[in-house]
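Participant: Provided below for reference: sequence and predicted model.
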Amino acid sequence: MRQSRTGAGDKPAPDHTNLPPHDRDNKEIAELFDEAADLLALHNENPFRIRAYRNAARSLRDLDQPLSSLTSDPTYKLTDIPGIGKDLAGKITEILSTGEFKLLYKLRRQIPTGTRDLLLVPGIGPKKARQLERVLGIHSLEGLRAATEAHQLAGVKGFGAKTEANILTSLTQAEAASGRMLLDEASDLANRLTSYLAPTTGNNKFEVAGSYRRSRETVGDLDLVADCDDAAALMDRLQNFDTAATVLGRGATKMSLRLASGRQVDLRVVPRESFGAALLYFTGSKSHNIELRKMAQNLGLKLNEYGLFEGDIARAGRTEEDVYRTLGLTWIPPELREGHGEIELAATGRLPQLVETQDIRGDLHVHTDATDGRHSMLEMIEAAQRHHYEYLAITDHSQRVTVAKGLDEFQLQEQWSNINKIQGSFPDIRILKGVELDILEDGALDMPKETLKEADWVIAAIHYGLKQSPQVITKRLIKAIQSGLVHAIAHPTGRLIGKRPAYDFEWTEVCKAAVDYGCALEINGQPSRLDLNEQALSRAMNYPVHFVVSSDAHSMNELNFMKFAVYQARRGGLAAPNILNTRDLRLLKSKATTS
Ligand code: DGT
Ligand code: CA
Ligand code: CA
């Protein structure tokens, strides 16, 4: 067993035997260091730096004394641990004292989830993941499957036919485990479950927690948390939600169910006084929970799904607010609970005032049956009125998008004169004459300038030539922005979740042009797009650029997709003033160069 140093002079080594076992710390910090090493390697960082994190992780796992007790000895030096130099000792102190690890948050923000998912496949480490990304442009498990099935892997350096075959086998497993719901499916299921269970949950507390409550862009399973006098009755009812469901497990307070659709639902029933702590725990994320638990430990408290305890005495637990307050934090909105530095912001009162769905005054991206929408313009306007919007932009496709029956200038002008005619019948909502304008492969606009000058609202988008180089895409976007005729760029990265990676471009150049020309960037609420997503937002927010949130509705019902755009904006930390369509119509256009 490793001994604490007795230090200089007469000071005896402290007796750790009475301390609670904190040996979780060693393992958890080792895990964080391993993750940091993986992400640094994905970044192609200095190999020595990567190896330092890996060695340190191994050292911490081998250590047979809890770090927290070692550090409470003032004579002990972390640098005495093999493989821990000054820099890493500082990181350990940071994690132990603040519960945070800033470098890791930064790395997590910088690397898209899809790329990180590749590391879940056995046989693929950071080096291979980078190779796949560089040579074949693979950014997701889906992309990896397509390339593997097309036998493209065998030709890549470091991969042979055998590796390819192995990857194909392990992929199936990885995908089966990671079959995830898009937000509309998760939201429908959550709503159906909530109303189905309402007769049993009655006046008690009930909430859908997990990644769903955090509005992550995809959801693995639904986690229900209830406080209920009769747990068995609630479970019986849940079991009958879907008669073809399989019960994966059932105990006195928890149950897991696989629905006929293959989706999993977990239920946890807790006493009333624990509801807040349980909701907090099952909302996650895991990294957020780990940081909170560390904070609690630093205050001499213990946090779990039953409450925040001092010895055996509960200090908080009934509500989330109570728990956060007792830890010295303001309540943190679920969308921010990803372990990206939100706890520090909450501790210092610097959390942003996140935008809310009620702040949104109009939808600026909507299609009709003139192109690929399902409902007529009148139907879309009436539906928008039910959302109490003050304005609505009709933005059908321009001609280049032939698959969507895109409009030419004459058809567009006809639609606009139609808007002029009917506006009088809708005194409460202003209909904006708009278009979703294609940015052609050479950056030219898919509509004559003269026509565009008459538009109230032009959103421009790239639908073709998505595989062009980042330099070419950058030029296209900038050329469109510099035309001075474009109010916003729609779905700016073009990604489709699980189907198509984002195209890349020079963010600095595009964002600077957007700022200079008063062109906003869209956060698109289509569940398969959610574009910009939180990683993209954190890049774009380095510039004083404006955003719009849109539904991109292709039917009346899809106007509801606005909420998904708002959730992603919240995940990106956006406040109402960052978003143009929280504004009054007169203040809507941020354009500096045209009017
Ligand atoms: P998902 O379902 O994959 O989209 O993601 P989550 O975040 O809903 O994860 P899930 O369903 O596995 O667990 C729900 C929450 O429970 C999770 O966000 C945090 C909490 N939790 C689960 N496992 C652990 C754990 O090992 N440690 C800690 N601290 N929290 C956990
Ligand atoms: Ca979940
Ligand atoms: Ca779960």
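Facilitator: All right, it came through fine. Numbers count the residues shown, from 1 in each chain. Ligands and ions are numbered 1, 2, ... in the order given.
Participant: now the chain against ligand 1: closest residue?
Facilitator: Closest approach between the chain and ligand 1, counting by CB to the nearest ligand atom: G284, at 1.8 Å. Where you see a C-beta, it was placed from the backbone N, CA and C, and this is true even at glycine.
Participant: distance check, that residue against P334.
Facilitator: 9 Å (CB to CB, to the nearest Å).
Participant: and P527, its phi and psi?
Facilitator: P527 adopts backbone torsions of phi -60, psi -30, taken as degrees, to the nearest 10.
Participant: settle it for me: which of G284 and P334 has more neighbours?
Facilitator: When G284 and P334 are compared for neighbours, P334 comes out ahead with 25 against 21, by other CB atoms under 10 Å.
Participant: who touches that one in this structure?
Facilitator: R213, R214, S215, T283 (CB atoms under 8 Å, 6 or more residues apart in numbering).
Participant: what's the weakest-modelled helix or strand in the protein?
Facilitator: helix 161-177 (a mean of 74; mean pLDDT, DSSP states H and E).
Participant: what does the closest residue to ligand 2 within the stretch 251-400 of the chain show for phi and psi?
Facilitator: Closest residue of the stretch 251-400 of the chain to ligand 2, CB to the ion: D266 (7.0 Å). The phi and psi values for D266, taken as degrees, to the nearest 10, are phi -110, psi 140.
Participant: residue contacts, it?
Facilitator: Here D266 is in contact with G210, D221, L222, D223, L224, K254, M255, S256, L257 (criterion: CB under 8 Å, 6+ apart).
Participant: ditto for T169
Facilitator: Per CB under 8 Å, 6+ apart, neighbours of T169: none.
Participant: gap between the residue nearest the centre of the chain and ligand 3?
Facilitator: The C-alpha lying nearest the average C-alpha coordinate of the chain belongs to R216 (CA atoms, centre = their mean; 4.4 Å). Distance, R216 to ligand 3, using CB to the ion, to the nearest Å: 13 Å.
Participant: which parts of the chain sit against ligand 1?
Facilitator: Residues of the chain found near ligand 1 (CB under 6 Å from any ligand atom) are 210-211, 216, 219-221, 223, 281-282, 284-286, 289-290.
Participant: poorly predicted segments of the stretch 51-200 of the chain, please.
Facilitator: Within the stretch 51-200 of the chain, the segments meeting pLDDT under 70 span 113, 172-178.
Participant: quick one on the thing from earlier: so what sits against both of G284 and P334?
Facilitator: R214.
Participant: which residue comes closest to P501 once chain neighbours are left out?
Facilitator: Excluding its sequence neighbours, the residue lying closest to P501 (CB to CB, 6 or more residues apart in numbering) is H139, at 3.9 Å.
Participant: just the strands from the stretch 201-350 of the chain, written as ranges.
Facilitator: Secondary structure of the stretch 201-350 of the chain (DSSP state E, counting those that start in this stretch): strands located at 206-208, 218-219, 222-227, 246-250, 254-258, 264-270, 302-304, 307-310, 313-316.
Participant: does ligand 2 have contacts with the second one?
Facilitator: No: counting by CB under 5 Å from the ion, ligand 2 is not contacted by strand 218-219; separation bottoms out at 6.3 Å.
Participant: make 137 the first number, not 1, from now on.
Facilitator: Okay, using 137 as the starting number, the last item reads as strand 354-355.
Participant: which other helices and strands does that strand contact?
Facilitator: strand 317-318, helix 319-337, helix 346-349 (3 or more CB pairs under 8 Å, 6 or more residues apart in numbering; DSSP states H and E).
Participant: so which of these gets nearest ligand 2?
Facilitator: Between these, helix 346-349 lies closest to ligand 2; by CB to the ion that is 3.2 Å.
Participant: export the closest one as PDB, just CAs?
Facilitator: The C-alpha trace of helix 346-349 is given here as PDB (Å, rounded to 0.1, in the frame of the first residue of the first chain):
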ATOM      1  CA  GLY A 346     -33.400  11.400 -19.200                       C
ATOM      2  CA  SER A 347     -32.000  12.700 -22.500                       C
ATOM      3  CA  TYR A 348     -35.600  13.400 -23.600                       C
ATOM      4  CA  ARG A 349     -35.900  16.100 -20.900                       C
END
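Participant: give me the contact list for that helix.
Facilitator: 322-323, 326, 343, 354-359, 402, 418-421, 470.
Participant: give me that answer again for 10 Å
Facilitator: With contacts defined as CB atoms under 10 Å, 6 or more residues apart in numbering, helix 346-349 is touched by 316-317, 319, 322-323, 325-326, 343, 352-361, 402, 415, 418-421, 469-471, 473-474.
Participant: ok, so what distance separates the closest residue to R281 other than its chain neighbours from K569?
Facilitator: The shortest distance from R281 to any non-neighbouring residue, by CB to CB, 6+ apart, is to L307 (5.6 Å). Computed as CB to CB, the L307 to K569 distance reads 48 Å.
Participant: again, but for Q547
Facilitator: 13 Å.
Participant: okay, these two: which has more neighbours?
Facilitator: Applying other CB under 10 Å to Q547 and K569 shows that K569 carries more neighbours, namely 21 against 16.
Participant: so what does whatever helix or strand the more buried one lives in touch, helix or strand wise?
Facilitator: Assigned by DSSP states H and E, K569 belongs to strand 566-574. Judged by 3 or more CB pairs under 10 Å, 6 or more residues apart in numbering; DSSP states H and E, the packing partners of strand 566-574 are strand 498-499, helix 513-522, strand 527-530, helix 545-559, helix 585-589, strand 593-597.
Participant: contacts only, for L384.
Facilitator: Neighbours of L384 in contact, by CB under 10 Å, 6+ apart: M391, S392, L393, R394, Q400, V401, D402.
Participant: and for S561?
Facilitator: L514, I517.
Participant: was I right to think S276 contacts R631?
Facilitator: Yes: applying CB atoms under 10 Å, one finds S276 in contact with R631, separated by 9.2 Å.
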